[in-house]
Each structure stands twice: as structure tokens, then as C-alpha cells.
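S.K.: I'd like to go over a predicted model; first the sequence, then the structure.
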Amino acid sequence: HVGPFFVLLFGALRKLPEQVVTASRGVNVRDIPKLVDEFTNYETRFADGAFVGHWGLSSYTTDPDVEMKFAGKHRAIVYICKHMRCVSIEAFSVVPSEAE
């Protein structure tokens, strides 16, 4: 059961200072059917104003170099959120240089 874990995690995240930043996430498409579909149909799937949701937890970075490292050199999706309301977990990260 992961429910109690997420209750504690989100309770802790709510205690961090909220900020609005430009953040991005690079995802290598590989052969993941849902990502292949999004990559192929990006013009409609990611049109201005379209809702884009992620299941579960997704980390974003404020460092464009980190984003491109995760995107890789082949088919990739780069999500860019110009006004993301978030908290920084950099101080708690195992890899603080990822600027999450």
C-alpha cells in the first residue's frame, strides 16, 4: 500500500516554499507506445492550451542542459512549462545538480 507514503510525501512538499518557474522535462520516446503516439501526433497533442497530464510523479528541471541529457539524441519529447507552480526539491536530491 503506497497511499500512506503519498500522504506523508505531499504533506512534506506542501511545507516547502512555492515558486513559479520555467521548467522542462526531457523524455526519450524509445518504443513506449503512448510516447510514440504523443511524439507522432505532437501538433495536436501539444497544441497551445492543450491539457498535458502525467500519471504519478514527474520531475522537471530548471536547467536546460539536464533536460537535454534525459531527452537523449534520438526521438524525444521535451515538455516545457513556462509558468510551472512548484516546489524545489534540490536540497533533498541525491543529485542536486539536476535542479529538480
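M.R.: Yep, that arrived.
S.K.: SS state for L8?
M.R.: The local conformation at L8, judged by DSSP: H, G, I helix; E, B strand; the rest coil, is helix.
S.K.: tell me the average confidence for stretch 31-50?
M.R.: Mean pLDDT, computed over stretch 31-50, is 90.
S.K.: For L16, which non-adjacent residue is closest in space?
M.R.: Among residues not flanking L16 along the chain, V87 sits closest, at 3.9 Å (C-beta to C-beta, 6 or more residues apart in numbering). For the C-beta atoms, the positions are set from N, CA and C on the backbone; glycine is no exception.
S.K.: count of neighbours near the one you found?
M.R.: V87: 14 surrounding residues under other C-beta atoms under 10 Å.
S.K.: Tell me the pLDDT of the residue in the chain sticking out farthest from the centre.
M.R.: For the chain, the largest distance from the centre (C-alpha atoms, centre = their mean) belongs to H1, which lies 24.3 Å off. Confidence at H1, expressed as pLDDT, is 81.
S.K.: With L8 as the reference, measure out to it.
M.R.: 12 Å (C-beta to C-beta, to the nearest Å).
S.K.: for I77, same thing?
M.R.: Between I77 and L8 the computed distance is 31 Å (C-beta to C-beta).
S.K.: So for the two, which sits in the more crowded spot?
M.R.: A count of neighbours by other C-beta under 10 Å puts I77 above the other of I77 and L8, at 17 against 10.
S.K.: which residues in the protein form strands?
M.R.: 19-28, 76-86 (DSSP state E).
S.K.: most tightly surrounded among those?
M.R.: strand 19-28 (a mean of 16; mean count of other C-beta atoms under 10 Å).
S.K.: mind checking how far it is from the chain centre?
M.R.: Computed by C-alpha atoms, centre = their mean, to the nearest Å, the chain-centroid distance of strand 19-28 equals 6 Å.
S.K.: Specify the angle between it and strand 76-86 in degrees.
M.R.: With axes from the mean of the first three to the mean of the last three C-alpha atoms, to 10 degrees defining the directions, strand 19-28 sits at 160 degrees from strand 76-86.
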